[in-house]
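[1] Here is a sequence together with a model predicted from it:
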Amino acid sequence: MKTFEELGVSEEIRRAIEELGFEHPMPVQEEVIPYLLGNGNDVIALAQTGTGKTAAFGIPLLERTDPTNRSTQAVVISPTRELCLQIADDLKSFAKYIKGINIVAVYGGTSIIDQIHALKHGAQIIVATPGRLIDLMHRGAAKVQDVRNVVLDEADEMLNMGFSDSINEIFDNVPADRNTLLFSATMSKDIERIALNYLHDHKEIVVGSRNEGAENVNHIYYMVNAKDKYLALKRIVDFYPRIYGIIFCRTKAETQEVADKL
Ligand code: AMP
């Protein structure tokens, strides 16, 4: 097993990720990080959430960002506001010991004014949903002419959500010699088309086999009234006393409530 140092990760970032508890690179990181630290390297990585893909693209992005230059050097495009915020948070934690890197998340469904303001201070890395980035580009608030790296995260999701035109427009406005990194859980004809149009000599990396993990898993759902949800959950826990699992909730408050009650 390699170390992050052997992959070429700088001391500042190693210090930050060690604090996050990263001891060894995950498989996608071992493949993607050293490759992306080189120049002119495009990648398609078929990797699902939970494989460590954010650090796989995030660490090389930070390594390739010049903190002394205020212009936007990287854009990460992702399908939802939640994912944008999550990615921006992760990047900020990896960049904890690098001085002068400004990472800004911009997404739809919220006031654009604050985002325009945030970009005015100069953001070397913008993490964006496609539609909002286009809007900010049209208003002159997001300037992508110096971008060196474009990351499409959950590209299949973005295409499913109808962001294809926005993605094309973004690619048409960034320099032709940038690096492009495309992450997707699945490979489809549409993803192949993007690769053909916008990636150059890309390397394809598959992490695990597709839908790994689903093989030995049964999915069961119970339809209950909202007020009975906790009782139903409790009955499942009572029925399987050795249960070991993760419960996902929709809101912070509900998460806390379920944890407290259990
Ligand atoms: P992601 O696939 O990017 O959503 O990452 C899944 C989770 O793995 C996140 O909580 C990361 O903080 C964590 N993670 C990523 N890389 C490592 C690593 N090398 N060692 C331990 N945890 C990691």
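    The structure has been received and is ready for your questions.
[2] Which pLDDT value goes with Glu254?
    Glu254 is assigned 90 on the pLDDT scale.
[3] what's the burial count for it?
    13 (other CB atoms under 10 Å). The way it works is simple: take the backbone N, C-alpha and C, and place the C-beta from them, glycine included.
[4] Ends of stretch 166-184, what's the gap?
    Terminal residues of stretch 166-184 lie 17 Å apart, using CA to CA, to the nearest Å.
[5] Check stretch 108-122 too.
    Start and end residues of stretch 108-122 are separated by 20 Å (CA to CA).
[6] what mean pLDDT does it have?
    95.
[7] got it, and stretch 21-40?
    91.
[8] pLDDT weak spots in this structure?
    Along the chain, the model assigns pLDDT under 70 to residues 208-216.
[9] At the contact with the ligand, which residues of it appear?
    When proximity is defined by CB under 6 Å from any ligand atom, the chain lies next to the ligand at Gly21, Phe22, Pro25, Met26, Gln29, Thr49, Gly50, Thr51, Gly52, Lys53, Thr54, Ala55.
[10] run the last query once more with 5 Å
    Along the chain, the residues adjacent to the ligand under the rule CB under 5 Å from any ligand atom are Phe22, Met26, Thr49, Gly50, Thr51, Gly52, Lys53, Thr54, Ala55.
[11] Sort out for me which of the residues you listed are in helices.
    Applying DSSP state H to those, the entries found in helices are Lys53, Thr54, Ala55.
[12] which other helices and strands contact the top strand by length along the chain?
    Ranked by number of residues, the top strand in the chain under DSSP state E is strand 179-184. Using 3 or more CB pairs under 8 Å, 6 or more residues apart in numbering; DSSP states H and E, the elements in contact with strand 179-184 are helix 27-37, strand 43-46, helix 53-63, strand 149-152, helix 155-160, helix 189-198.
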